[in-house]
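Colleague: task: produce atomic coordinates for the following.
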Amino acid sequence: MSNPLSVIINPPGIQYGMPGDIVSLYAVVINEGDQSAVIDLFFTFDETFQKISGWSASPKASLAVAPKESSSEVTFNFEIPVDALAGTYDYTFVVDSPEHYPQDTPINFPGQLKVLLKEQTIIRAFDPTFSIIPATNPNKLITYRLDQPLQVVIKVENRSNRVDRFRLTCPDLDENWFKISYPASGFEGVGLFDVNALELNPNSEGEISLEFRPPIDTLAGSYSPTIRLLSENNPDLTLLDLIYINLPANYQLGIELNTTLGKVSRKDGIYELVLNNQGNLIRELFFDAKTRDEEELCTYKFNPTELKLLPNITEKAILRVKPRPWWRRPFFGQSLPINFEVNITDKQSYPLANASPQATLLWKARPWWQFLLLILLGLGLFTGIAYMIWRLLHPDPLRIESFSSDNLKITEGNEVNLNWKIDNYKRLKNLVVITKKPPNNDPIFNYDNNSINQLINKNQNNPNPPCNVTQEELICNRVPTGINGAGEYVFELKASYLQNPPFFNRIIETDPKTAEVEVAKKEIAEVVELKANKRQYQKGEKVNLRWKITHPELVFKVIIHLKTADNLEPIQPVNIQFQDKEGKVINDPKTQNICRQNSPDRQFFKCSIDISVNKIGRFIPEIIVETFKVFDRNSTKQADSKIEIVAKPFKIAFFKINGKDSTDQANIVLNEGENVALSWNVDGENIQVKLDPYGNVKPIDTKSFLNISNFPQKVALQVTDASGKQEERAFFITVKSKPTPTPNLVTPAPSPTQNIFKPFPRSNLSR
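Modeller: The predicted model follows:
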């Protein structure tokens, strides 16, 4: 039995719209049953469609329809937000009559709302359209499986009355990303030509196969490439859509631990750790090693200690294993096996397979001749006695006991200070400090005996000397170097002294000592977000920009630019000063209203500002954040999307013929030979005004015609703005011809003869 309810939905297919548009759906219900019925109309949809349609709840309509009657038309409007992302969004239109037709309802009509890109041409009634199967949107992605290509179908509809050929492109992707296949035409087998387009007859549909094959080194994540359809009949028509693809993460990582030198006596064992990133994520890996035995007998050193691996890249790390202490080496017999394992850690905690490869180092037994150690021990005693005698004859030399920096790591702007301790300093001849990294032959310090005394003695110019003397030791602490720039520094201390043997004096140089210091760069205030509240504004309207800045206590100045694609700026940059040159916070009410600290830990600013832009075009907002007392690094960020300033809508104030307006009387009758005056007034910017059939005219003008005889049947005022929007006012004219005058007939005067002989009337004679 057929359903007693019929539903007419207009439009029947996919609804199309751009951000900011209102798309309407019309429905009419026909009751073909034998009873009156109350019919409910409503929608079912998900949260994604709720945001796109602007509906917080499903709109409903209830209709009472008599048997064999149809309802009035019901309209539902979808209000697409201006910031809606392009995509296809699903919904279901439901027709239900639970009281009167419970067995035949509800009736579900699946539907789709397709949000188009702003760059796409407005689709007219006879323009071609296309859709992607399966449909996607930002919350409904299709997942690419790593073991097989991702195939989608592009359904094309030729709605014109001409045969057309269509080609598909993906302008955002490289050619190795995708493959396009058009349906066979039947001529390929005979080698006539290759199929490079889809040919469709008027009012017909066809399909194009699109296959995605991302390269093996493509990073995991979400991708939204643009699909463009090109029409051979309409090359200027822009038909665009986005397809949302999810590339799942592949954590596969190849790990090998190869032995280069695994049996040693005095050298270090050498092993090679080979890592191959077979996945699609950037891996940051750290290494360490430990024993698998009860006691740790080795030290482990990796070079490098960490690796950053891009997809499809192989890197190596060298592991040196040093057995210790020396007395644990076996004296004879078999080699000592030392079992250990390498532990690999991922910084992002991505899963690792075989993360603990194992290996064994063999420590060889000592050779037989090492039993001669007892003999050497005796010789050592003899040498020790000789050394004591030698020491009596040779006093202690000058020696650098320690050399270090005040801090191993300081922040840029703070000065590096050095510390040292020298034993037997009174023999000092010269003391030099140089930088080995970065290399510089010019010494930072070059002290002789007199200079050292200046460092020790207090005076007016030096009330707190950095050095002091304890018996034979010279101890210097926090000696300033004048270095405060960012970088890694290695300082070297060298000293020369005078030795006094019994027979002659000579100058001896001590072994140099080094100290390392890292001067880290200062943290800077960084902008992490910049966006406008909407993408399109009218000329003169305030552009609202919002941004977020980390480390608000470091912000010195914020500079806001608006730039075109040619890097030009339509307005002067906006400068917002937060601190003065001494670091004092500027208590400006304008600044306090622009920004606020809105996080619980007070780690960032949230700011908002309105800017007036009186130029039309597309602009990219950019923000530069300067940090207090950091002059070589600024944080710069551009907004993710452009903003567009459009002209205000134009308006035709009037279009008149002889004082009569086109809105009051479009059809008008004129008399031949009459004077005609056309006048108009159009209010708008960047507009083109055309008076058909007379060509382009000024927005406000008057045109006169004298003694018309032939006049156009239609006079139209056409106005077009920069975006292509057009409006027309027109008069339809009938020229009435003058009437043809009736000829005047002249009656001839009677002759005298006729008057003489004309008889008088009989009645007069009788009188």
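
Colleague: helices of the chain, residue ranges please.
Modeller: All helices of the chain, identified by DSSP state H, fall at 47-53, 373-393, 449-456, 589-594, 752-757, 762-766.

Colleague: which of the ones you listed has the lowest mean pLDDT?
Modeller: Mean pLDDT is lowest for helix 762-766 out of the helices of the chain, coming in at a mean of 35.

Colleague: list the contacts for the residue lying closest to residue 161 once chain neighbours are set aside?
Modeller: Counting by C-beta to C-beta, 6 or more residues apart in numbering, residue 161 lies nearest to residue 202, which is 4.8 Å off, once chain neighbours are set aside. All C-beta atoms are positioned from the backbone trio N, CA, C, and that covers glycine. Going by C-beta atoms under 8 Å, 6 or more residues apart in numbering, residue 202 touches 158, 160-163.

Colleague: got those as CSV, with distance to residue 45, pLDDT and neighbour count columns?
Modeller: Converted to CSV, the contacts of residue 202 look like this (distance: C-beta to C-beta, whole Å; pLDDT from 0 to 100; neighbours: other C-beta atoms under 10 Å):
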residue, distance to residue 45, pLDDT, neighbour count
158, 31, 92, 25
160, 33, 90, 18
161, 36, 90, 9
162, 38, 90, 12
163, 38, 91, 13
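
Colleague: got these as JSON lines, with distance to residue 125 columns?
Modeller: Converted to JSON lines, these look like this (distance: C-beta to C-beta, whole Å):
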{"residue": "158", "distance to residue 125": "13"}
{"residue": "160", "distance to residue 125": "10"}
{"residue": "161", "distance to residue 125": "11"}
{"residue": "162", "distance to residue 125": "14"}
{"residue": "163", "distance to residue 125": "18"}
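
Colleague: closest one of those residues to residue 327?
Modeller: residue 158 (90.5 Å; C-beta to C-beta).

Colleague: partner residues bridging that closest one?
Modeller: residue 204 (DSSP bridges).

Colleague: test my guess that it contacts residue 199.
Modeller: No - contact between residue 158 and residue 199 fails when scored by C-beta atoms under 8 Å: they sit 9.2 Å apart.

Colleague: so what sits against both of the two?
Modeller: 164, 166, 206.

Colleague: may I ask which of these has the most neighbours?
Modeller: Highest neighbour count within those, by other C-beta atoms under 10 Å: residue 166, with 23 neighbours.

Colleague: what's the separation between that one and residue 198?
Modeller: 5 Å (C-beta to C-beta, to the nearest Å).

Colleague: what residues are shared contacts of these two?
Modeller: 156, 206, 208.

Colleague: residue 132 contacts residue 156, correct?
Modeller: No - using C-beta under 8 Å, residue 132 is not in contact with residue 156, being 10.8 Å away.

Colleague: the stretch 601-750 of the chain: strands as residue ranges?
Modeller: 604-612, 617-627, 634-638, 643-646, 651-657, 660-661, 667-671, 676-683, 687-692, 695-697, 700-705, 714-721, 726-736 (DSSP state E, counting those that start in this stretch).

Colleague: coming back round to it: for the shared contacts of residue 166 and residue 198, give me JSON lines that also has pLDDT.
Modeller: Shown next, in JSON lines, are these (pLDDT from 0 to 100):
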{"residue": "156", "pLDDT": "93"}
{"residue": "206", "pLDDT": "92"}
{"residue": "208", "pLDDT": "92"}
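
Colleague: and of those, the nearest to residue 509?
Modeller: residue 208 (81.9 Å).

Colleague: next, the contact list for residue 89, please.
Modeller: By C-beta under 8 Å, 6+ apart, the neighbours of residue 89 are 45, 48-49, 52-53, 112-115, 135, 137, 140.

Colleague: dump the shared contacts of residue 166 and residue 198 to CSV, plus distance to residue 561.
Modeller: As requested, those are arranged in CSV below (distance: C-beta to C-beta, whole Å):
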residue, distance to residue 561
156, 43
206, 48
208, 43
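
Colleague: of the residues you listed, closest to residue 494?
Modeller: Nearest member of those to residue 494, counting by C-beta to C-beta, is residue 208, at 77.2 Å.

Colleague: OK, contacts around that closest one?
Modeller: Contacts of residue 208 (C-beta under 8 Å, 6+ apart): 153-154, 156, 166, 168, 180-183, 198.

Colleague: let me have these in TSV, extended by distance to residue 429.
Modeller: Output for the contacts of residue 208, formatted as TSV (distance: C-beta to C-beta, whole Å):
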residue	distance to residue 429
153	89
154	87
156	92
166	91
168	84
180	83
181	86
182	90
183	94
198	92
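
Colleague: buried among those? Need that as a selection in ChimeraX.
Modeller: Buried members of the contacts of residue 208, defined by 16 or more other C-beta atoms under 10 Å, are picked up in ChimeraX with:
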select :154,156,166,168,180,182,198
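
Colleague: nearest to residue 28, of the contacts of residue 208?
Modeller: Once C-beta to C-beta is applied, the member of those that ends up nearest residue 28 is residue 156, at 29.6 Å.

Colleague: quick one: contacts for the residue positioned nearest the centre of the chain?
Modeller: Central residue of the chain (C-alpha atoms, centre = their mean): residue 640, 4.9 Å from the mean position. Shown in contact with residue 640 (C-beta under 8 Å, 6+ apart): 530-531.

Colleague: could you measure from it over to residue 605?
Modeller: Taken as C-beta to C-beta, the span from residue 640 to residue 605 is 19 Å.

Colleague: and what of residue 571?
Modeller: Distance from residue 571 to residue 605, by C-beta to C-beta: 23 Å.

Colleague: how close does residue 245 sit to residue 212?
Modeller: 7 Å.

Colleague: what touches both of these two?
Modeller: 144, 150.

Colleague: is it correct that residue 457 is in contact with residue 463?
Modeller: No - contact criterion C-beta under 8 Å: residue 457 and residue 463 do not qualify, at 10.9 Å.

Colleague: got the buried residues for stretch 478-487?
Modeller: Result for stretch 478-487 [16+ other C-beta under 10 Å]: buried residues 479, 481, 483.

Colleague: just grab the bridge partners of the first one for me.
Modeller: For residue 479, the residues forming beta bridges with it (DSSP bridges) are residue 418.

Colleague: longest strand in the chain, by residue count?
Modeller: Ranked by residue count and defined by DSSP state E, the top strand of the chain is strand 487-499.
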